[in-house]
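J.: Here is a sequence together with a model predicted from it:
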Amino acid sequence: MKLSKLVAAATLVAAGLTGASSALAQAKEQFFPLLSYRTGAYAPNGVPWANGKQDYLKMINARDGGINGVKLTYEECETGYATDRGVECYERLKSRPGVAFFDPQSTGITFALTEKAPADKVPLITLGYGLSVSQDGMAFKWNFPLMGSYWTGADILIQHLGKKEGGLDKLKGKKIALVYHDSPFGKEPIPLLQERAKMHGFDLQLLPVTAPGVEQKATWLQVRQSRPDYVLLWGWGVMNSTALKESQATGYPRDKMYGVWWAGAEPDVKDVGEGAKGYNALALNTSGQQPKVIQEILKHVHDKGQGTGPKDEVGSVLYTRGVIIQMLGVEAVRRAQERFGKGKVMTGEQVRWGLENLALDEKKLESLGFTNIMRPLSTSCADHMGSTWARVQTWDGSKWGFSSDWYQADEQIIKPMVKAGSDKYLADKKMTRRDVKDCQS
């Protein structure tokens, strides 16, 4: 009798374990690790970016039930914008089941993870930042600098200044100063600017600012002494508003200042207000609560009390950029499912294929609610960027407004630089280019 009871109990336990493993096997969850920085000097910019990313995932779950029945899960990990903490977050989250991709949210962290991603087979989305040479998908299989790099951004700014002067040839003899965050992020545009300086004969002045950028008096004293015709601002976080305040204090005209797209959001100018009037910056995307996707987030997330941050932040420049990043990641998963199994959880390698085969034309963007938010984007095995366009926007003292049409970066200049840079990277790492056959894998 005792033996039979033991057998019965064992059978029940086994059945329970089988049921648990079956339930686990049937759990269809795609995991989105979220590296963020809600603390420190970069928090004012990092918070809306992180909130937009979370809210888009919440909206897809609430409105669509996930991606073809696959629920989207996520976990944030605070990096404080520090490379070592970013690597720690990556190492902790990379082994979670169903990891889709990583968005490092820092060029420094991207540099570190570029070494790790190929072995771990996890793609990196670095929208508008990261390694400029990683546009070359034949050399960087796992990096996706979608929508632009610091080389495309710097190139577009020089094009714009040339147009203002009446032609690129009119830049000859001009002084252009680069006030930059003294980090991998800030140094990244320098090779492109040096190439353009050689081509057009302008004098390039390099003025590094020690992170986080709260002390810039010496830098702006140099600006006042050298009197450049234009200042390019490659800043992030508190560095941007500090630069604008210092330029005001030293009398440098804000309408002669042009920031990268990470120096063109509300936190950069709102505390300066009228003092920043006339300041210009690149823009990869629009802002505002009018777009359909933003309305969908308000309806399915914020109106239900599920918003990650304040409602009035929704649709701001960096919030919208966070939404774009997650949309591209979600669409990469959806694209991968078309090939590897609709309604299945995709591996990092499968998501990488999806990122490499994105085709978001105007019609597709309209169906996703992204009309007028961004340019169409189409990636390939060789091109991991998909779009090289940006506009210039200007602060009028209370809001941003576009002050130029779209510019496309000059590929005749950039492609040879990308090829040379990626060849050097591969040689240094003793690696070879992908075979064309690998494009189908």
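T.: Ah, there it is. Numbers count the residues shown, from 1 in each chain.
J.: doesn't residue 180 fall inside a helix?
T.: No - using DSSP: H, G, I helix; E, B strand; the rest coil, the assignment for residue 180 is strand, not a helix.
J.: Which strand residues bridge it?
T.: residue 208, residue 234 (DSSP bridges).
J.: give me every residue that touches it.
T.: Counting by Cβ atoms under 8 Å, 6 or more residues apart in numbering, residue 180 touches 186-187, 189-190, 206-209, 232-235. Where you see a C-beta, it was placed from the backbone N, CA and C, and this is true even at glycine.
J.: One more: residue 421?
T.: Contacts of residue 421 (Cβ under 8 Å, 6+ apart): 132-133, 191.
J.: Narrow these to those in helices?
T.: If you go by DSSP state H, the contacts of residue 421 have residue 191 in helices.
J.: Kindly write the ChimeraX command that selects the buried subset of the contacts of residue 180.
T.: Restricted to buried positions by 16 or more other Cβ atoms under 10 Å, the ChimeraX selection for the contacts of residue 180 reads:
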select :186,187,189,190,207,209,232,233,234,235
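J.: Is it possible to get CSV of the contacts of residue 180 that adds pLDDT and distance to residue 245?
T.: Output for the contacts of residue 180, formatted as CSV (pLDDT from 0 to 100; distance: Cβ to Cβ, whole Å):
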residue, pLDDT, distance to residue 245
186, 96, 19
187, 97, 24
189, 98, 23
190, 98, 25
206, 98, 22
207, 98, 16
208, 98, 19
209, 98, 13
232, 98, 18
233, 98, 12
234, 98, 17
235, 96, 12
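J.: JSON lines for the contacts of residue 180, including distance to residue 178?
T.: Output for the contacts of residue 180, formatted as JSON lines (distance: Cβ to Cβ, whole Å):
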{"residue": "186", "distance to residue 178": "8"}
{"residue": "187", "distance to residue 178": "10"}
{"residue": "189", "distance to residue 178": "7"}
{"residue": "190", "distance to residue 178": "7"}
{"residue": "206", "distance to residue 178": "5"}
{"residue": "207", "distance to residue 178": "7"}
{"residue": "208", "distance to residue 178": "9"}
{"residue": "209", "distance to residue 178": "10"}
{"residue": "232", "distance to residue 178": "5"}
{"residue": "233", "distance to residue 178": "8"}
{"residue": "234", "distance to residue 178": "6"}
{"residue": "235", "distance to residue 178": "11"}
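J.: Looking at the contacts of residue 180, which is nearest residue 358?
T.: Using Cβ to Cβ, residue 189 is the member of those that sits closest to residue 358, with 25.3 Å.
J.: what's the residue lying closest to that closest one once chain neighbours are set aside in contact with, if anything?
T.: In space, and not counting its chain neighbours, residue 189 is closest to residue 154: 3.8 Å by Cβ to Cβ, 6 or more residues apart in numbering. Residue 154 makes contact with 189, 192-193, 196, 232, 260, according to Cβ under 8 Å, 6+ apart.
J.: Please tell me how far residue 154 sits from residue 171.
T.: According to Cβ to Cβ, to the nearest Å, residue 154 stands 14 Å off from residue 171.
J.: part of a helix, is residue 271?
T.: No - secondary structure assignment (three-state DSSP) places residue 271 in coil, not in a helix.
J.: number of nearby residues for the nearest residue to it once chain neighbours are set aside?
T.: Leaving aside its sequence neighbours, residue 271 sits nearest to residue 241 (Cβ to Cβ, 6+ apart; 5.4 Å). Each residue near residue 241 was counted by other Cβ atoms under 10 Å, and the total is 22.
J.: so residue 241, which of the three states?
T.: Once three-state DSSP is applied, residue 241 turns out helix.
J.: so it makes contact with residue 268?
T.: Yes - with contact defined as Cβ atoms under 8 Å, residue 241 and residue 268 form a contacting pair (5.7 Å).
J.: Residue 378 versus the most centrally placed residue in the chain, what's the distance?
T.: The centre of the chain sits closest to residue 127, judged by Cα atoms, centre = their mean, with a distance of 2.8 Å. Residue 127 sits at a distance of 15 Å from residue 378 (criterion: Cβ to Cβ).
J.: follow-up on the earlier one: between the contacts of residue 180, which is nearest residue 48?
T.: For the contacts of residue 180, the nearest to residue 48 is residue 235 (16.6 Å; Cβ to Cβ).
J.: hmm, back to that, name the member of the contacts of residue 154 with the shortest distance to residue 324.
T.: So of these, ranked by how close each gets to residue 324 (Cβ to Cβ), first place is residue 260, at 16.6 Å.
J.: Enumerate every residue touching that closest one.
T.: By Cβ under 8 Å, 6+ apart, residue 260 lies in contact with 150, 153-154, 157, 189, 232-235, 281-282.
J.: Same list (those) but as CSV, adding distance to residue 399 and secondary structure.
T.: CSV is the format used below for the contacts of residue 260 (distance: Cβ to Cβ, whole Å; DSSP: H, G, I helix; E, B strand; the rest coil):
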residue, distance to residue 399, secondary structure
150, 26, helix
153, 22, helix
154, 26, helix
157, 21, helix
189, 27, coil
232, 23, strand
233, 19, strand
234, 23, strand
235, 20, coil
281, 13, strand
282, 17, strand
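J.: so which of those residues comes closest to residue 289?
T.: Distances from residue 289 to the contacts of residue 260, taken by Cβ to Cβ, are shortest for residue 281, at 20.7 Å.
J.: give the contact list for that closest one.
T.: 233, 258-261, 263-264, 268, 392-393, 395.
J.: can you rerun that using 6 Å?
T.: Residues near residue 281 by Cβ atoms under 6 Å, 6 or more residues apart in numbering: 259, 263-264, 393.
J.: Domains in the chain, by residue range?
T.: 29-148+287-384, 151-283+393-415 (automatic domain parsing).
J.: nearest to residue 422, of those domains?
T.: It is, among the domains of the chain and with distance given as Cβ to Cβ, domain 29-148+287-384, at 3.7 Å.
J.: And that closest one, end to end?
T.: 26 Å (Cα to Cα, to the nearest Å).
J.: so how far is it from its chain's centroid?
T.: Distance of domain 29-148+287-384 from its chain centroid, counting by Cα atoms, centre = their mean, to the nearest Å, is 8 Å.
J.: Residue 145 against residue 130, yeah?
T.: Yes - if you go by Cβ atoms under 6 Å, residue 145 and residue 130 touch, sitting 4.9 Å apart.
J.: Looking at the two, which one has more neighbours?
T.: For residue 145 versus residue 130, neighbours defined as other Cβ under 10 Å are more numerous around residue 130 (30 against 27).
J.: okay, the closest residue to residue 236 other than its chain neighbours: pLDDT?
T.: Spatial nearest neighbour of residue 236, chain neighbours left out: residue 262 (5.1 Å); criterion: Cβ to Cβ, 6+ apart. Model confidence at residue 262, given as pLDDT, is 97.
J.: still on that earlier bit, which one among the contacts of residue 154 gets closest to residue 43?
T.: residue 260 (19.2 Å).
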